[in-house]
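[1] Quick one, fold the following:
(one chain, ligands or ions: 1)
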Amino acid sequence: MDKVRVGVIGIGWFGEIHVDTYMGIPNAEVVAICTRTVKRLKSVAEKYGIKKTYTDYNELLADDEIDAVSICTHARDHLLPTLAAIKSGKHVLLEKPMALTVKECDQIMDAAKDCNQYIMVGHICRFENNYAIAKREIDEGRIGDVLSIYARRNIEGGRALPHLNVLSSITGDAVHDIDLMNWMIPSKAKSVYAMASNRRNLPHPDVGWVSIKYGDDAFGVSESIWNLPPTTPYDIDARMEIIGTKGVIYINESAHPLVIDDIKGRKIPDTVYWPVVHGKRTGALSTELSYFIECSLKGKKPSIITLEESREVIRVVEAAEESARTGQVVNL
Ligand SMILES: NC(=O)c1ccc[n+]([C@@H]2O[C@H](COP(=O)([O-])OP(=O)(O)OC[C@H]3O[C@@H](n4cnc5c(N)ncnc54)[C@H](O)[C@@H]3O)[C@@H](O)[C@H]2O)c1
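    The predicted model follows:
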């Protein structure tokens, strides 16, 4: 096999970005897409020249021409397509978060236990250069033992609205930084205290703060605010400060080197996560999907992010949601 033939399930906003990103990966070919809305299915298939279209993911999964799938339904709809995809024997790239509860994660882990193919959750930040380099420097002892990590991941309020129908800013975005903290701090999360607010009376809170105690003396704090004003010039304000016993690492993904001022005002385009350059999607998503394709092609079990680690993030996130609801510290 010199190419992985991919099917993408769930063609909303991010499913189309997956399709577009696979188009730029030499060893990947998108042969089929599946989504519930026929009009959307047809328009995306025409745009990218994809021959096979399905409205039922079970039919896509029964297609022998497909080796691997990306599951890009929203978080509340991750479980069933993932269980079916594992059963079908295809490699699976499941978008983050793995699921909304640890119980659902365990169902996925059980199904994946004896399978021969690879299942990977798309924790994109592990594939983003700045975080990945920070992790390497920590592992090489450059800043000593990590004492504290502060992370920010804030977005404009209007853009967040569709996601807030499904999940809070904590489950939607703090999940990225909690995964990075779990990755960078060797001890396990021991307790969680979180606060969340919902001034816009949306289905889920759009303002979240999470503090986590790791082991006896390391701390992680995550800020995820999905309520920045419409004039916000960047797609995302993502930062991290990692303080160790011998040094500090600062990451500021909002201090972009590219600033465009035009008649509509200031725009700071994404140059990190999935920017289009010379007609191809580049950045962290392309690195992540290329890694998934490489693992599928070479028979290599994904190790940059494992299913156990993806479940562990949900264990902490679920505790954070409980803490935000009850106002109590949750011991893990
Ligand atoms: N890694 C990242 O940085 C990042 C960024 C954005 C979104 N995401 C993740 O991507 C996923 C999708 O997000 P989105 O904003 O594109 O969601 P969305 O709601 O826009 O799209 C989901 C699509 O899945 C379709 N769908 C749902 N159930 C289906 C089913 N049973 N069969 C076929 N199609 C079905 C819906 O009709 C919809 O078109 C989420 O899990 C989200 O967390 C990740």
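
[2] The worst-scoring helix or strand of the chain on mean pLDDT - which strands sit beside it in the sheet, and in what orientation?
    When the helices and strands of the chain are scored by mean pLDDT, DSSP states H and E, strand 265-267 comes last with a mean of 92. Partner strands for strand 265-267, per DSSP bridges, with pairing direction: strand 260-262 (antiparallel).

[3] Residues in contact with the strand it pairs with: which ones?
    For strand 260-262, contacts defined as Cβ atoms under 8 Å, 6 or more residues apart in numbering pick out 266, 267, 268, 269. Quick note: C-beta positions are derived from backbone N, CA and C, even for glycine.

[4] let's see 10 Å
    Strand 260-262 has contacts (Cβ atoms under 10 Å, 6 or more residues apart in numbering) with 233, 266, 267, 268, 269.

[5] For the residues you listed, give me TSV that also has neighbour count.
    Converted to TSV, the contacts of strand 260-262 look like this (neighbours: other Cβ atoms under 10 Å):
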residue	neighbour count
233	17
266	12
267	13
268	18
269	14
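
[6] Out of these, which comes closest to the ligand?
    Closest approach between the contacts of strand 260-262 and the ligand, by Cβ to the nearest ligand atom: residue 269, at 15.8 Å.

[7] Helix, strand or coil: sort out the closest residue to the closest one other than its chain neighbours for me.
    Leaving aside its sequence neighbours, residue 269 sits nearest to residue 258 (Cβ to Cβ, 6 or more residues apart in numbering; 6.0 Å). Assigned by DSSP: H, G, I helix; E, B strand; the rest coil, the conformation of residue 258 is coil.

[8] Let me see the contact set for residue 258.
    Contacts here follow Cβ under 10 Å, 6+ apart; on that basis residue 258 touches 267, 268, 269, 270, 271, 275.

[9] and the second one, what does it touch?
    Looking back up the chat, that one is residue 268. By Cβ under 10 Å, 6+ apart, the contact list for residue 268 reads 232-237, 254-260.

[10] how does it look with 6 Å?
    Listed by Cβ atoms under 6 Å, 6 or more residues apart in numbering, the contact partners of residue 268 are 233, 234, 256, 259.

[11] How about the fifth one?
    Applying Cβ under 6 Å, 6+ apart, we find residue 271 in contact with 256, 258.
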